[in-house]
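> Below is the structure, and that's it, no one-letter string:
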């Protein structure tokens, strides 16, 4: 794409264009998120963006290690910080099962539980709706999963998915 080199570590070449949705330099803000388009590729529609999050500001696209159940396997938080990892990915379904939302709530949420001061991204649990179809019942309200560990039922709605990350709710 293009000829102007932009982004973290100069990864890839992106040509600036306003041909696709959103304007370069345009910023959108909510109470928890700021999003600015820095550059676009007119060939692939790829965008370089800046995300301003409560725990960090970062540029996309970005590599993020997976901490499915509140830990990146084989690496400590100190090592991740030394590697300047700005963002970790977690999984709502797995977090709700283990360590569990009650424990997350007791310690003040996922950041406190992990000892992670930087940004986190958690998915909605929607992938498990497909991959664990044999353990899921999909309704208009949400998805009820059967735990593969003990057979208990867990209803995951969009609202509860967000609350699981915050450690504020025990899904029923």
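Received, thanks. All figures in this text were calculated on a predicted structure; none of them were measured in a lab.
> In the chain, where is pLDDT below threshold?
Low-confidence segments of the chain (pLDDT under 70): 1-22, 165-172.
> Where do the helices of it begin and end?
77-82, 92-95, 101-107, 110-114, 126-131, 158-166 (DSSP state H).
> quick one: residue 147 from residue 97, how far?
6 Å (CB to CB, to the nearest Å). Quick note: C-beta positions are derived from backbone N, CA and C, even for glycine.
> and the helices of the chain, which is most packed in?
helix 92-95 (a mean of 23; mean count of other CB atoms under 10 Å).
> Could you list every helix and strand in contact with that helix?
Contact here means 3 or more CB pairs under 8 Å, 6 or more residues apart in numbering; DSSP states H and E; on that basis helix 92-95 packs against helix 158-166.
> what's the helix it packs on packed up against?
Using 3+ CB pairs under 8 Å, 6+ apart as the test, helix 158-166 ends up in contact with helix 92-95, helix 101-107, strand 119-122.
> Please compute how far the last one lies from its chain's middle.
Counting by CA atoms, centre = their mean, to the nearest Å, strand 119-122 is centred 4 Å from the centre of its parent chain.
> what pairs with it, and is each one parallel or antiparallel?
strand 87-90 (parallel) (DSSP bridges).
> Name the nearest residue to the residue most central in space within the chain, sequence neighbours excluded.
Nearest to the geometric centre of the chain sits residue 121, at 1.9 Å (CA atoms, centre = their mean). Take residue 121 and drop its neighbours on the chain: the residue closest to it by CB to CB, 6 or more residues apart in numbering is residue 89, 5.2 Å away.
> start to end distance for stretch 85-96?
The first and final residues of stretch 85-96 sit 24 Å from each other (CA to CA, to the nearest Å).
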